[in-house]
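Asker: for reference, the sequence and a predicted model appear below.
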Amino acid sequence: MKFGFFKLALLSTVAPMATPIWAQDAAGVAPQAESASGGDIVVTARRREERLQDVSVSIAAFSTEALERSTVQTVSDIKTIAPGFTFSSEGGKDNVALTLRGIGQLPLGEVTPGVVIYLNDTPLPSVGSNVPTYDIGSIQVLKGPQGTLFGRNTLGGAVVIGSQKPTYEFEGYVEGTYGSFDYREVEAAINIPIIADKVAFRAAGQIRRQDPRTIAFDGGPGFDNIKQDAFRLSLLLEPVEGLKSTTVYEYFKSDELAGGLYLLRQNFPLAAFGLGVLDPQAQAALQTQRANRRGSFDGGINGGRAFRKTTSITNDTSFSFGDLTLRNIFGFRKNFSDQLINTGALPNLSIPTGLPAPFPAAVPFTLFNAASVLDRQYLTNETQLLGDFGSFNFITGIFYNDDRSAGPTGSQFTAFSVGGVPAPAVSAHVRNKNWAVYGQIGYEITDKLKLNLGARYSWDKVSACGGTIGTSYVDEDTCLATANLGLADGVGTVSNKGKEPSWTIGLDYKATPDWLLYISSRRGYRGVNINTPLFETPFTTGGTDAACAATGGICPDLRPFQKTDEETITDIEVGSKYDYHIGSARGRLNLAAYYSKYKNALQFLNTQTIVPNGTPDSPTNGSLAANVADLRIWGVELEASISPSRNLTVAFNAAYTNVKVEKVDVPAGLPAAVTVGEAQINTYSPTFSGTASVSWILPVRPADGDLAFNADLFMTDDFGGQNGEKLPGYKLANARLDWRGIGGTGLDLGVFVKNLFKEEYFSASSVLLASFPLSSVYAGEPRTWGVSAKYRF
């Protein structure tokens, strides 16, 4: 989608604008309207608390109040208020794919994400990282490589989430929300000081329910409901001066139907596979789909599954002595996920047998169903030493990560199945171990000029056991015992290891107290990985078999794709952060421009059409990854807002991303049925995305309460996708009206609308491959409304 004139008009209107977020003045003064992002909130982009405008990193930061104004309910909602940040779920609700600055996440395996979410300073895995945003202190979107100071290396950036921590004040809130599709939400928090200045406790929780938003054409409960329970317990201990320890326990459970899929198109007739009898049925399904965008075909999965249970515990302990602080951050997390999706987006199809009774007149046919179970545990520990000596500060640290299977884990991708026979259950157990040492200094050369210099060295090891063992998923011990038998049955082990440096160097120039200029260069990487299981049967090692009809009877040789190498990115960024005043108006204008070289980029390769259904060593999730491309990425990011009065703020944030494929190097042996050229390389980010917003405190105070109006208009060019094809862009408007502090109490009432103008759009791809007969995508959420009541005490 192109916005041409509209984009230019917005840019020319807001280019001279800017504004910070100020704290409310003394009692009796009307509160100020605030933009969705920015402000003088504290950020931790350099692993220490700093004012947002003093940090030489491009950041979109959101306070608790900003998240509430924009009705941000999960991390996925941030995409509408942080241009350039794309959030999608390609392999189901729990398989999160994030994109920043043209760097995305492959929707498969346990590969380190290109953009990592951190919750309370511990990295989250891709599966299950769409966390709810109840009782959150702030969310920071850090743009560009962040591998020097953050735990696991990032290529595109990091999303840093901090929950509300215990304080020594007794306070809390309770909130209820009701809305479209019988949406119900109850959220509450309480903060209890136990011993003054020594011990404090905070508890928070949330329950969310919503009926299915997507109907099933062919019967079944439908799709896209919400059924989530979550709570968080936090304990703060400060037994002696200088010692501070915060422990947080989290619980989350969702037991939902799968996401509904939209049948987009038929790429070529099923007759190409000798299944021409199915083409009229597929065309009829397409006509039904086009007549109703808000429906999906069940295909016999009875709504599918999207079950996830997560528990975690983190501890952040620091001890300050003089100008030094010793800090340790520990995290342990368990994830269980069980998913079933009608990936092909078709109803049950049938092939006539032509046989007389009592034989069946037809047999069922499944184009593509995807099931997976993941049971994993994640352990991280980071020890830091920080020093602050006025003109010189430093941080040095050691990081360790160990994540592995904690129970039966694997996938079952059934494709082109005649008779409804499910594919074998392919178990896959991946272990990741990562070690790193790092350090960074900041040195004030003059009172205006500062040098930032940092380096990190990391060691990565990944190993796996996988294959088909029996009729169900097995645990890791069973897999290893079977692999040790040494049979060529597709059950085996594979490993890979690597080591890489990353670094950052930059200069900050404080032209005035309100104007920061900076230039920096960074190197980041994504570590080695493997494709599972071990490819060793004739079906995956170039043997001959009639089942390999799609490749002329000669089966593909996937052994060259068993392992992947590191991806690297090196960038240079220049930026300006400027706060200013024009009469009584206050403004903010932040700009950043960057240029990146992205080497050895991984590409997603679908193997469903070249590996026969039933192959015991079929690639996990029906796909594999390969290092095939070098890319050049450059872009510009803008954050601008103006407050002509304390009651009104108008803002515009935008991101422009230009991605060019400079080189495609396809490994030898790739079957001709899988096309990989410049046109098939994924570039993920939209060329342009932007958000225009207004926040207005109305000049009336009914019942001594404030009326606050907030509206956001998000727009994006074509984005995401697969195999080089992107999804069409769209515009999305959200609005909210709050009546706050009614009668001078802690009571707030609110009403909101999301997708105000009923935009019909696609939010993520499912199968978007020219080599697959049909394509399917996820439809975006319809227009929804809600009312809320919140009481603070």
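Answerer: It's in.
Asker: next, the closest residue in space to I139 that isn't next to it in sequence: phi, psi?
Answerer: With Cβ to Cβ, 6 or more residues apart in numbering as the measure, F62 is the residue that lies nearest to I139, at 4.8 Å, once sequence neighbours are left out. Glycine gets a C-beta too; all of them are placed from N, C-alpha and C. For F62, the backbone dihedrals are phi -130, psi 120 (criterion: degrees, to the nearest 10).
Asker: what about F62, how many residues nearby?
Answerer: 26 (other Cβ atoms under 10 Å).
Asker: cool, and E639?
Answerer: Using other Cβ under 10 Å, E639 is surrounded by 29 other residues.
Asker: pretty sure it sits against A60.
Answerer: Yes: the pair formed by E639 and A60 meets the contact definition of Cβ atoms under 8 Å, at 7.1 Å.
Asker: which residues of the stretch 451-600 of the chain fall in strands?
Answerer: Assigned by DSSP state E, counting those that start in this stretch, the stretch 451-600 of the chain shows strands spanning 492-512, 515-526, 529-530, 563-564, 567-582, 585-606.
Asker: burial-wise, tell me which of these comes out on top.
Answerer: Between the strands of the stretch 451-600 of the chain, strand 529-530 has the highest mean count of neighbours, a mean of 26, where neighbours are mean count of other Cβ atoms under 10 Å.
Asker: now find how far off-centre that strand is within its chain.
Answerer: Using Cα atoms, centre = their mean, to the nearest Å, we find the averaged C-alpha position of strand 529-530 to lie 21 Å away from the chain's own average C-alpha position.
Asker: returning to what we had before: pretty sure the residue nearest to I139 is touching I81, no?
Answerer: Yes: contact criterion Cβ under 8 Å: F62 and I81 qualify, at 7.0 Å.
Asker: what residues sit buried inside the helix or strand where A371 lies?
Answerer: When elements are defined using DSSP states H and E, A371 is found to belong to strand 362-388. Under the neighbour-count criterion of 16 or more other Cβ atoms under 10 Å, strand 362-388 has 363, 365-378, 380-382, 384, 386, 388 buried.
Asker: before we move on, which element is I190 in?
Answerer: Using DSSP H and E, I190 sits within strand 183-195.
Asker: identify each buried residue in whichever strand or helix holds N710, please.
Answerer: Secondary structure here is read from DSSP H and E; on that basis N710 sits in strand 706-716. By neighbour count on 16+ other Cβ under 10 Å, the buried set for strand 706-716 is D706, A708, F709, N710, A711, D712, L713, F714, M715, T716.
Asker: same thing with stretch 654-664?
Answerer: A654, A655, Y656, T657, V659, V661, V664.
Asker: ok so, going back, so which of the strands of the stretch 451-600 of the chain comes closest to R293?
Answerer: Using Cβ to Cβ as the measure, strand 585-606 is the one of the strands of the stretch 451-600 of the chain that comes nearest R293, at 25.2 Å.
Asker: shaky segments in the stretch 1-150 of the chain?
Answerer: With pLDDT under 70 as the threshold, the stretch 1-150 of the chain has low-confidence stretches at 1-40, 91, 94, 105-112.
Asker: please repeat the previous calculation with a cut-off of 90.
Answerer: Within the stretch 1-150 of the chain, the stretches with pLDDT under 90 are 1-50, 73-77, 79, 86-99, 102-116, 124-132, 146-147, 150.
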